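Visitor: Provided below are the primary sequence and the corresponding predicted coordinates.
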2 protein chains.
Amino acid sequence: MRVSKLFTKTRKTIPADETARNAQLLLQAGYVHKMMAGVYAYLPLGKRVLDNIAQIVREEMDAIGGQEVQMTALQPKELWEKTDRWDDAKVDNWFKTRLANGTELGVGLSHEEPIVDSLKPFVDSYKDMPLYVYQIQTKFRNELRAKSGLLRGREFIMKDMYSFARTQEEHAELYERVAAAYGRVFKRLGLGEDTYRTYADGGYFTDKFSDEFQTISPIGEDTIYVHEGKRIAINKEIYNDENLARLGLKKEELVEKRGVEVGNIFPLESKYSDALDLYFTDDTGKKRSIIMGCYGIGVSRLVGMIAEHFSDDRGLVWPDSVAPYRVYLAQLGTDEKVVTAAKKLYDTLQDAGVTVLYDDRNARPGEKFADADLLGIPHRVVVSAKTVDQSVFEYKKRTETDSLAVDIEKLKSILTA
Amino acid sequence: MRVSKLFTKTRKTIPADETARNAQLLLQAGYVHKMMAGVYAYLPLGKRVLDNIAQIVREEMDAIGGQEVQMTALQPKELWEKTDRWDDAKVDNWFKTRLANGTELGVGLSHEEPIVDSLKPFVDSYKDMPLYVYQIQTKFRNELRAKSGLLRGREFIMKDMYSFARTQEEHAELYERVAAAYGRVFKRLGLGEDTYRTYADGGYFTDKFSDEFQTISPIGEDTIYVHEGKRIAINKEIYNDENLARLGLKKEELVEKRGVEVGNIFPLESKYSDALDLYFTDDTGKKRSIIMGCYGIGVSRLVGMIAEHFSDDRGLVWPDSVAPYRVYLAQLGTDEKVVTAAKKLYDTLQDAGVTVLYDDRNARPGEKFADADLLGIPHRVVVSAKTVDQSVFEYKKRTETDSLAVDIEKLKSILTA
């Protein structure tokens, strides 16, 4: 993509009411547009980051046998009454609307009910399981306050997966397989080192724990106690002697940290399947309950989380795996030889499968370098009269201060690594 | 994908209230799940078709320089009051909702306003145009009746693109470039022959025509008059002597047909840009209006349209470009040699980049063939004891009745063509 064609630009000023650093950075760099508190639209660069994160999540869910579906936002009241999650006194963050004829509808805040409902024509035998079904879809939650930028939205994008098992043993296996896949997701997103599987409350219909995936961060809303050796943690909510004993953890081995919940997995037992009349017949002909698990990853939250986590005083710093473009190609000056060399490199890199944001503008070097930094593109290559004369390219990583003079072969080997 | 693992199955019975043939077929084949009238969720096979269509549209919009964004469903009232499209007396198919504090919100029925709003921080000079911005996103329309299955939904997926031009001449160029891209989209979707660019009413703020892309179909809601030689048509709405003269068309050359509107493009003049205070400064320093165009393609409507258009009495018949899988591999019997040969072919085809739905079930041949037909997979390959003994595969196209005995090289050349 040529910077001269990209309709967004880096901004000097951003909406004054934006207090979250992740949203400030993303607004300043032109990645998102704020519609209202907690509701952000994705502009071209932000859309690419969002899609990159979603694709990593998708690949890891597919790899363990997840089947992708797409539920709807509009939800019929009757379905949610069956699980007692319709009444505003029970679930306090619905957005509700009405059909033209007055019938009340919900705007999807979660999708356990419709997913179970959609399985009913197909799942009734022990032969139909085990099973994972997932989607990457918008959720709507009527939050009173939404001041954390993309970390807590009123409209946001989540991957939600559900597992369906015949026995508790099978459920436990499915559950652990997703936990392992989550580890791979966060590693690929560059958050592996800083993300801990964290025991938390399992909710009111199970005595099991649930698991959160918490990324250590000063902006975290949660307090967690980390065991660095075992690479696990325990949420403050359930941090008491009884639970520590259950988990075999000792207080003196744990360190208090702040964490951002980037994923969670929890046992649903048969709450939703029973309530929605989804049972199966086992191999002896007996009708039995289906054991479900639920597995979330906050895809749009991760856009904000990664933006803020890796940023520095010059702007965003994307990991390669999620960056909107891998290379920022800064052409300095408009000499014909410079333009020719830059254009040739642009084509060469793209032909090699490397995504490039090509700064072809007639602008000062300082402006280009500041933009490259603010946008957070992981690799910067400069083409100037000097580099052309020396038959080299000036290469610098976003995370380093010194640049290198490299020839085309070296440059290609760095950028296709 | 193995059929034994796919959670959906073909269905004997479908919801009795479903009267549209496209939805009946898609429900019976397990492609979609009906949440309520006009609201369908996509199950794994349906999701793949939806994504294939969206990807063709995306590629053609990218090819003409479209920049992809993603707007939000939640919409602030203030924005739509500026264009006088908030009041239910003016726009009668809003879904509206409220924030917890009582503030009224809209649930996006269209996105002209937010797209223009999102451009405001970036576009103010003649250097910032021409420009195409598009998204593939859900729309919500509070239709009184929704009885056409996926052809007219209350919640549906559209590609909507907007062009921004400095002059009428530039606008006309952008407009024609999209019209040409639409031709390529419908051709790739297999609808090229049957789809006509159709002159229609331009709306109340322009005296230009708009253009619809109408696919000839007995289920069409629109009446159009087709000039087969010129490959254009005129909508009945504007079919009068004055307009025929303007378009240089003669009544006796036109044939009356029914059409389904699969796309539309129309001039917006500067209605939205002016109302939302998006202007530009020209190269003489003068403030000027921005001329917009709007370009829609009904992505989820096309799922229903293509389903119905190509179906026969045995079920769906997908074109290769949109089929969820290219090949239905039917393994007949459970002899070890048959299973080994089928499994080997499954791997070989997938390694060659061919998507395969592998029917590994222990089921009767007739059941497998009926499913292959109902699901509408374009190519069927049978592996049986007989084919293995003869070192061949039995190959048949969904649209043909006779099968061929072919060797692996011939099969690969057919399926990778």
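Guide: Perfect, I can see it now.

Visitor: what's the weakest-modelled helix or strand in chain A?
Guide: Within chain A, no helix or strand scores below helix A:241-247, which has a mean of 92 by mean pLDDT, DSSP states H and E.

Visitor: helices or strands up against that one?
Guide: When contacts are defined as 3 or more Cβ pairs under 8 Å, 6 or more residues apart in numbering or on different chains; DSSP states H and E, helix A:241-247 packs onto strand A:232-235. Just so you know, the C-beta spots here come from the backbone N, C-alpha and C atoms, and that holds for glycine as well.

Visitor: buried set for stretch A:163-172?
Guide: Within stretch A:163-172, the residues that qualify as buried by neighbour count (16 or more other Cβ atoms under 10 Å in any protein chain shown) are A:Ser163, A:Phe164, A:Ala165, A:Arg166, A:His171.

Visitor: tell me the confidence at the third one?
Guide: At A:Ala165 the predicted local distance difference test score is 98.

Visitor: doesn't A:His171 make contact with it?
Guide: Yes - under the criterion of Cβ atoms under 8 Å, A:Ala165 is in contact with A:His171, at a separation of 3.9 Å.

Visitor: ok, of the buried residues of stretch A:163-172, which one's closest to A:Pro324?
Guide: When the buried residues of stretch A:163-172 are compared for distance to A:Pro324 (Cβ to Cβ), A:Ser163 comes out closest, at 32.8 Å.

Visitor: quick check: the closest one is in a strand.
Guide: Yes - under DSSP: H, G, I helix; E, B strand; the rest coil, A:Ser163 falls within a strand.

Visitor: surely it and A:Gly293 touch.
Guide: Yes - at 4.1 Å, A:Ser163 and A:Gly293 qualify as touching, with contact defined as Cβ under 8 Å.

Visitor: show me what counts as buried in whatever helix or strand A:Ala372 lives in.
Guide: The secondary structure element spanning A:Ala372 is helix A:365-375 (assigned by DSSP states H and E). Along helix A:365-375, these residues count as buried under the neighbour rule (16+ other Cβ under 10 Å): A:Lys368, A:Phe369, A:Asp371, A:Ala372, A:Asp373, A:Leu374, A:Leu375.

Visitor: and it, how far out from the chain middle?
Guide: With Cα atoms, centre = their mean, to the nearest Å as the basis, helix A:365-375 stands 26 Å off its chain's centre.

Visitor: which element follows it toward the C-terminus?
Guide: Heading towards the C-terminus - elements assigned by DSSP H and E - helix A:365-375 is followed by strand A:379-383.

Visitor: strand partners (parallel or antiparallel) of that following strand?
Guide: According to DSSP bridges, strand A:379-383 has the following sheet partners: strand A:327-331 (parallel), strand A:393-397 (antiparallel).

Visitor: would you mind finding the most buried of those?
Guide: Among those, strand A:327-331 has the highest mean neighbour count (mean count of other Cβ atoms under 10 Å in any protein chain shown), at a mean of 26.

Visitor: tell me what angle it forms with helix A:365-375.
Guide: Direction vectors for strand A:327-331 and helix A:365-375, defined by axes from the mean of the first three to the mean of the last three Cα atoms, to 10 degrees, enclose an angle of 170 degrees.

Visitor: ok now strand A:327-331, how far from the chain's centre?
Guide: Centre to centre, stretch against its chain (Cα atoms, centre = their mean), the figure for strand A:327-331 is 27 Å.

Visitor: ok, residues contacting the helix holding A:Ala372?
Guide: A:3, A:10, A:28-29, A:45, A:314-316, A:324, A:328, A:330, A:332, A:357, A:359, A:361, A:380, A:384, A:398 (Cβ atoms under 8 Å, 6 or more residues apart in numbering or on different chains).

Visitor: of these, grab the buried ones for PyMOL.
Guide: Written as a PyMOL command, the selection of buried residues from the contacts of helix A:365-375, which uses 16+ other Cβ under 10 Å, is:
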select buried, chain A and resi 3+10+28+29+45+315+316+324+328+330+332+357+359+361+380+384+398
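
Visitor: need the contact list for the residue of the stretch 201-350 of chain A at minimum distance from chain B.
Guide: Nearest residue of the stretch 201-350 of chain A to chain B, counting by Cβ to the nearest Cβ: A:Ser300, 9.8 Å away. A:Ser300 is in contact with A:Tyr40, A:Leu50, A:Leu150, A:Gly153, A:Phe156, A:Ile157, A:Met158, counting by Cβ under 8 Å, 6+ apart.

Visitor: show me which pair in those is furthest apart.
Guide: A:Tyr40 and A:Met158 (14.4 Å).

Visitor: more neighbours: which of the two?
Guide: Here A:Tyr40 and A:Met158 are set side by side on neighbour count (other Cβ atoms under 10 Å in any protein chain shown), and the busier one is A:Tyr40, at 27 against 20.

Visitor: three-state assignment of the more buried one?
Guide: Taken by three-state DSSP, the conformation at A:Tyr40 corresponds to strand.

Visitor: contact partners for it?
Guide: Taking Cβ under 8 Å, 6+ apart as the definition of contact, the neighbours of A:Tyr40 are A:Ala23, A:Leu26, A:Val32, A:His33, A:Lys34, A:Gly46, A:Gly149, A:Leu150, A:Gly153, A:Ser300, B:Thr72.

Visitor: show me which of those are buried.
Guide: Here the buried ones among the contacts of A:Tyr40, as counted with 16+ other Cβ under 10 Å, turn out to be A:Ala23, A:Leu26, A:Val32, A:His33, A:Lys34, A:Gly46, A:Gly149, A:Leu150, A:Gly153, A:Ser300, B:Thr72.

Visitor: burial of whatever residue of the stretch 101-250 of chain A ends up closest to chain B, as a residue count?
Guide: Across the stretch 101-250 of chain A, no residue is closer to chain B than A:Ser118, which sits at 3.9 Å (Cβ to the nearest Cβ). Neighbour count of A:Ser118, defined by other Cβ under 10 Å: 24.

Visitor: repeat that for A:Glu193.
Guide: Using other Cβ under 10 Å as the criterion, A:Glu193 is surrounded by 11 other residues.

Visitor: just A:Lys90 next, same as before
Guide: A:Lys90 has 11 neighbouring residues, counting by other Cβ under 10 Å.

Visitor: how close does the spatially closest residue to it that is not a sequence neighbour sit to A:Leu276?
Guide: Counting by Cβ to Cβ, 6 or more residues apart in numbering or on different chains, A:Lys90 lies nearest to A:Asp84, which is 6.0 Å off, once chain neighbours are set aside. For A:Asp84, the distance to A:Leu276 (Cβ to Cβ, to the nearest Å) stands at 12 Å.

Visitor: ditto for A:Lys139
Guide: With the distance defined as Cβ to Cβ, A:Lys139 ends up 20 Å from A:Leu276.

Visitor: A:Gly66 now?
Guide: According to Cβ to Cβ, A:Gly66 stands 21 Å off from A:Leu276.

Visitor: looking at these two, which is more packed in?
Guide: For A:Gly66 against A:Leu276, the residue with the higher neighbour count under other Cβ under 10 Å is A:Gly66, and the figures read 25 against 20.

Visitor: give me the phi and psi for the more buried one.
Guide: A:Gly66 adopts backbone torsions of phi -70, psi 140, taken as degrees, to the nearest 10.

Visitor: my guess is it contacts A:Gln135. True?
Guide: No - taking Cβ under 8 Å as the definition, A:Gly66 is not a contact partner of A:Gln135, at 9.6 Å.

Visitor: point me to the residue of the stretch 301-417 of chain A nearest chain B.
Guide: Closest contact between the stretch 301-417 of chain A and chain B, by Cβ to the nearest Cβ, is at A:Arg361 (9.7 Å).

Visitor: that residue contacts A:Leu6, correct?
Guide: No - in this structure, A:Arg361 sits apart from A:Leu6 without contact. The criterion is Cβ under 8 Å, and the distance is 10.0 Å.

Visitor: how far away is the closest residue to A:Glu228 other than its chain neighbours from A:Leu191?
Guide: Nearest in space to A:Glu228, with sequence neighbours left out and distances taken as Cβ to Cβ, 6+ apart, is A:Val255 at 6.7 Å. Look at A:Val255 and A:Leu191: by Cβ to Cβ, they are 18 Å apart.

Visitor: good, wrapping up.
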